[in-house]
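> Predicted coordinates and the sequence they were generated for:
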Protein chains: 2
Amino acid sequence: MPVYPRLTPLAAALPSTVPFVGPEAQERSRGAPFRARIGANESGFGPAPSVIAAMADAAGEMWKYCDPDNFDLKAAIADHLGIGASNVVIGEGIDGLLGLAVRLHAGPGDTVVTSLGAYPTFNFHVAGFGARLVTVPYRDDREDLQGLVDAVKREAAQVVYLSNPDNPMGTWWEASEIEAFVASIPATTLILLDEAYGETGPASAQPRIDLSRPNLVRLRTFSKAYGLAGLRCGYAFGDAEVIRGFEKVRNHYGINRMAQVAGRAALADQAYLHDVVARVAAGRERIAGIARDNGLSPITSATNFVTIDCGGDGAFALKVLQETLARDVFIRKPMAPGLDRCIRVSVGLDHELDMFAEALPKALAAARA
Amino acid sequence: MPVYPRLTPLAAALPSTVPFVGPEAQERSRGAPFRARIGANESGFGPAPSVIAAMADAAGEMWKYCDPDNFDLKAAIADHLGIGASNVVIGEGIDGLLGLAVRLHAGPGDTVVTSLGAYPTFNFHVAGFGARLVTVPYRDDREDLQGLVDAVKREAAQVVYLSNPDNPMGTWWEASEIEAFVASIPATTLILLDEAYGETGPASAQPRIDLSRPNLVRLRTFSKAYGLAGLRCGYAFGDAEVIRGFEKVRNHYGINRMAQVAGRAALADQAYLHDVVARVAAGRERIAGIARDNGLSPITSATNFVTIDCGGDGAFALKVLQETLARDVFIRKPMAPGLDRCIRVSVGLDHELDMFAEALPKALAAARA
C-alpha cells in the first residue's frame, strides 16, 4: 500500500472530475470525427482575417513572456467600454476569472447562489473552494431573478451568479430587469454577471455601464462572437477596488501573449464583429426553422446557439442528442430537470447547419422508435 | 464610505501584489524600450521555424476551444519521457501547476519549505492559499539540500520546493544528490522538483525517471529552451494517482489551443532544441567572459542565464543593475541576502550580448562613482 503525499482536507474530499466532456474526447471514444462542430457555442465563422494575420505575424515573438500587467489589451478594453484601465482585469477566459472570484469571495462556510442548470464550470469552482452551492430553478426557461434575490437574502449568500443572455437556454432579461435585480442584491454580496453572449444579444439586454455598485462584476470574453475560444481570454470589469482584489491571487503571467495580440486586433475590427453578429442572427433563424420544420419548438435566443424543446421528457431529448451525435453532428443538451427536455445547437457554417437539417428528422425518428 | 462585497478572511489578509515586475512595465515607466531583452530567462533564439509555421497554420483554428484532456500534447510528452499519459498533467506554465499543487497539498495551518531567494511566484501561491512558508538559505550559492531536508522534518512540512538547475543562481546538483534528497524526504511530503532549466543543464543533473515515489512531482516547461514562454505551457509528471489529483482543481479548458499545437511541434523538432542548447552553452561562455573581462566572477551555470558576483554587497549590485538598465539593457538580479551581491544575465542574441559587453564596464564605473 503506497503512502501518498497529504492532500488538504478540502482537496481530499473533492472528486477528480471534468465539468464537461470536450468534442475531441467524444471523437476519440466513437472512433470518428464529427462532420459538424455545433455543440460548444464556438464561432465557426472564426476570428477576423485581420486577427488571424496578427496571430501569424506574432508567432515568432512567442519566446517572450506576456506583459503581466496586460497593459495594452487592458487599455484597449477600457477604451472600448469607456471606462478606466483600473476597472478591468483580464483572465484565462471567463472560466479563470470565475475561479478567482470564487476564491476571493467564498470559501468553506460560505454560500453561493446560482440557477439550477447554469454554468457547470462555475459550480466546479464553488465546490473546489469549499463553498456551499444553492441553486434556484429556472422559471419559464429563464433564470428566475426574483428567485435568485430571495435565495441570496435567505441564505445570506456571499456570491450570486447570473448569465445574461443565458446559457444553456439562450434567453435573456432586458437591461431594466437586470438593473432591478442588481439593486435588490445586498451590497456585501458579489454579483457575477456573465455576459459571454452579450455581443450577440439585443443591445437592450445590456445594462448601461455603471461602476457605482462595487458588488457588481461583469464578465465578457473573446471566446464567443470574437471567435477566439482557443486562446482563453476573458475580462471582468467593475469597481476599481474590487477589481484590484484579483491582483491578490491571479496568475500574473497567466495570459498568453498570443491572446494579448489577438484580443487587441479583435477589438480593433468591429466591422468583422458586426458581420459575425448578423451571421449569428441569421444562423439562429435557420436553426429555429429546422426545428419548426420537424415539429419542435425553438426557444427564442439572444446567443450564438438555439435551444430546442424536443416536446418530450429528458430521456427523449437525450435520445435525440445521441442519435444526432451518431450522425456525426456534435451538439449538446441541458441536463437540469425541466431544461433537459431540450437539445442545444450552436450556430455554425451553412454546411454544418445543412448536416443538422439532414440529421434531425432521422434522429427524431430513431429516438421515437 | 462604500460597502464592498465581502472577501474571505484569507483573501482579505492578502496584499494586492505582483511577484515580479515585467520588462514592459519598466519600459513604460522609463519611457523608452530596452535594446537588449536578457533579463527574464527567455530564449531570444525563439521557437523553432517549424513551430512558428505550425502556429501560423493554426491561427485560423483558434475559434475552437482546446481539448480539455490535452490528449495529443499529453501523449507526445509521455512518449518523449517514456512514461504513460496518466503520469502527465499539463498546466498554464509551471506557474499554474505550482499554484494547483500548493492548493491541493497545503492550506492554512500547513507548512511549505523552499530556499530563501528561490522562485517568488511559488511563494506567492503559498501565501495565497494560506500556508506558512519556511525558507532555508542557500549554501555556497546552491540550494542547501540537507538544510531543506532538515527543515521539512523539523517543521513536518506538507510540501517542499526545489529547482534543479536552480534559478536565480544557475547552479545545480548531480542526479545522485537529488535522488538522495528525494529519498530523505518523508513519503507524506510532496516534493516539487522544478526542472524548468533541465534541457540546458548537463544530462548528469537529471535523475532517471522513476515513478515509484508518489511524493515526487517533477515540472518542466516549453518556456525556456523551447522558446515558448509567451504561450504559457508547462507540465508535471509523477505517480498517476498524485497526478490525477490535479483533475480536482485544474481549469480544464485552461490550456490555450495554440500552446497545444506549438508544444507538439516543439517536441517533434529535437534538432532545433539541440541547436538552441548549444547556442545557450556558447552564450553562457560569452557572458562569463564579459564578466571576467570586467574583473567580476561569473557563477558556473547549467541554465540559460549566468549569475555574476559583482564583488560587493547588495547595494552595489543593485547600482550595477540600475546602471545597466539605464543603458537600455534589461537584466535582473537576485534579491535575497547573500545572493543579492549578484546580477543575473540571460543568454540572448549576439547583438544583445554585445550591448551588455558595452554597457557593463560603464555601469560598473557609474556604480563605483
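It's in. Residues are numbered from 1 along each chain as shown, chains lettered A, B, ... in the order given.

> who's in contact with the residue in the stretch 101-250 of chain A positioned nearest to chain B?
When scored by Cβ to the nearest Cβ, the stretch 101-250 of chain A has residue A:230 as its residue closest to chain B, at 3.2 Å. Glycine gets a C-beta too; all of them are placed from N, C-alpha and C. Contacts for residue A:230 (Cβ atoms under 8 Å, 6 or more residues apart in numbering or on different chains) come out as B:61, B:62, B:63, B:64, B:65, B:66, B:256, B:257, B:258.

> Return the subset of those residues lying in helices.
Taking DSSP state H, the ones among the contacts of residue A:230 that sit in helices are B:257, B:258.

> which one of the contacts of residue A:230 sits closest to chain A?
Nearest to chain A among these, with distances taken as Cβ to the nearest Cβ, is residue B:257, at 3.2 Å.

> per-residue confidence for the closest one?
Here the pLDDT value assigned to residue B:257 is 98.

> Surely it and residue B:60 touch.
No - taking contacts as Cβ atoms under 8 Å, residue B:257 lies outside contact range of residue B:60: 11.2 Å.

> need the longest helix for chain A.
For chain A, the helix with the greatest residue count under DSSP H is helix A:270-293.

> So what's the gap between it and the chain middle?
18 Å (Cα atoms, centre = their mean, to the nearest Å).

> Whether that helix contacts chain B - can you check?
No - residues of helix A:270-293 contacting chain B under Cβ under 8 Å from any Cβ of the partner chain: none, with a closest distance of 10.2 Å.

> and what of stretch A:105-118?
Yes - using Cβ under 8 Å from any Cβ, stretch A:105-118 comes into contact with chain B via A:105, A:106, A:107, A:110.

> Now do the same contact list for the residue lying closest to the first one once chain neighbours are set aside.
Looking back up the chat, that one is residue A:105. In space, residue A:105 comes closest to residue A:190 once its chain neighbours are excluded; the distance is 4.7 Å by Cβ to Cβ, 6 or more residues apart in numbering or on different chains. By Cβ under 8 Å, 6+ apart, the contact list for residue A:190 reads A:101, A:105, A:158, A:159, A:160, A:215, A:217, A:242, B:5, B:6.

> Most widely separated two among those residues?
Greatest spacing in the contacts of residue A:190, by Cβ to Cβ: A:160 and A:242 (14.5 Å).

> Return the residues in contact with residue A:356.
A:36, A:38, A:287, A:290, A:324, A:329, A:331, A:345, A:348.

> From residue B:62, how far off is residue A:43?
According to Cβ to Cβ, to the nearest Å, residue A:43 and residue B:62 sit 10 Å apart.

> Would you state the helices of chain A in chain order?
Under DSSP H, chain A gives helices at A:9-13, A:23-30, A:49-58, A:71-81, A:93-105, A:120-128, A:145-155, A:175-184, A:240-244, A:257-268, A:270-293, A:314-326, A:350-368.

> any chance of those helices in JSON lines, plus distance to residue B:132?
Output for the helices of chain A, formatted as JSON lines (distance: least, Cβ to Cβ, whole Å):
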{"stretch": "helix A:9-13", "distance to residue B:132": "17"}
{"stretch": "helix A:23-30", "distance to residue B:132": "40"}
{"stretch": "helix A:49-58", "distance to residue B:132": "41"}
{"stretch": "helix A:71-81", "distance to residue B:132": "34"}
{"stretch": "helix A:93-105", "distance to residue B:132": "19"}
{"stretch": "helix A:120-128", "distance to residue B:132": "22"}
{"stretch": "helix A:145-155", "distance to residue B:132": "33"}
{"stretch": "helix A:175-184", "distance to residue B:132": "39"}
{"stretch": "helix A:240-244", "distance to residue B:132": "25"}
{"stretch": "helix A:257-268", "distance to residue B:132": "34"}
{"stretch": "helix A:270-293", "distance to residue B:132": "49"}
{"stretch": "helix A:314-326", "distance to residue B:132": "49"}
{"stretch": "helix A:350-368", "distance to residue B:132": "54"}
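
> quick one, which of these is packed in tightest?
helix A:93-105 (a mean of 26; mean count of other Cβ atoms under 10 Å in any protein chain shown).

> Just the CA atoms of that one, as CSV, please.
Output of helix A:93-105 as CSV, limited to C-alpha atoms (Å, rounded to 0.1, in the frame of the first residue of the first chain):
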residue,chain,number,x,y,z
GLY,A,93,-11.2,33.0,-20.1
ILE,A,94,-14.3,33.8,-18.0
ASP,A,95,-13.6,30.3,-16.6
GLY,A,96,-10.4,31.5,-15.0
LEU,A,97,-12.0,34.7,-13.7
LEU,A,98,-14.9,32.9,-12.2
GLY,A,99,-12.4,30.7,-10.3
LEU,A,100,-10.5,33.7,-9.0
ALA,A,101,-13.7,35.5,-8.0
VAL,A,102,-15.0,32.5,-6.1
ARG,A,103,-11.6,32.0,-4.4
LEU,A,104,-11.6,35.6,-3.3
HIS,A,105,-15.1,35.9,-2.1
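
> count of residues packed around the nearest residue to residue A:204 once chain neighbours are set aside?
Closest residue to residue A:204 apart from its sequence neighbours, by Cβ to Cβ, 6+ apart: residue A:174 at 5.5 Å. For residue A:174, the count of nearby residues is 14 (other Cβ atoms under 10 Å in any protein chain shown).

> shouldn't residue A:174 be in contact with residue A:206?
No - between residue A:174 and residue A:206 there is no contact under Cβ under 8 Å: 9.5 Å.

> Make sure residue A:329 is actually in contact with residue A:354.
No - applying Cβ under 8 Å, one finds residue A:329 not in contact with residue A:354, separated by 10.2 Å.

> picking up where we left off before, the more surrounded of residue A:43 and residue B:62?
Counting neighbours by other Cβ under 10 Å for residue A:43 and for residue B:62 shows that residue B:62 has the greater number, 30 against 23.

> pLDDT wise, what is residue A:1 at?
The predicted local confidence for residue A:1 is 69.

> swap in residue A:21?
87.

> tell me which parts of the stretch 101-250 of chain A are close to chain B?
Residues of the stretch 101-250 of chain A lying near chain B (Cβ under 8 Å from any Cβ): A:103-107, A:110, A:121, A:128, A:158-159, A:187-190, A:214-215, A:223, A:227-232, A:239, A:241-242, A:244-245, A:247-249.

> Of these, which belong to strands?
A:159, A:190 (DSSP state E).

> Run through chain A and note the low-pLDDT ranges.
Across chain A, the ranges flagged by pLDDT under 70 are A:1.

> Which residue lies nearest the spatial centre of it?
Central residue of chain A (Cα atoms, centre = their mean): residue A:196, 5.2 Å from the mean position.

> Pull up the gap between the residue lying closest to that residue once chain neighbours are set aside and residue A:98, please.
By the measure of Cβ to Cβ, 6+ apart, the closest residue to residue A:196 outside its immediate chain neighbours is residue A:221, 4.9 Å from it. Distance of residue A:221 to residue A:98, given as Cβ to Cβ: 11 Å.

> just residue A:204 next, same as before
In terms of Cβ to Cβ, residue A:204 sits 26 Å off from residue A:98.

> cool, and residue A:19?
11 Å.

> again with residue A:58
With Cβ to Cβ as the criterion, residue A:58 and residue A:98 are 27 Å apart.

> One more: residue A:215?
From residue A:215 to residue A:98 the distance is 16 Å (Cβ to Cβ).
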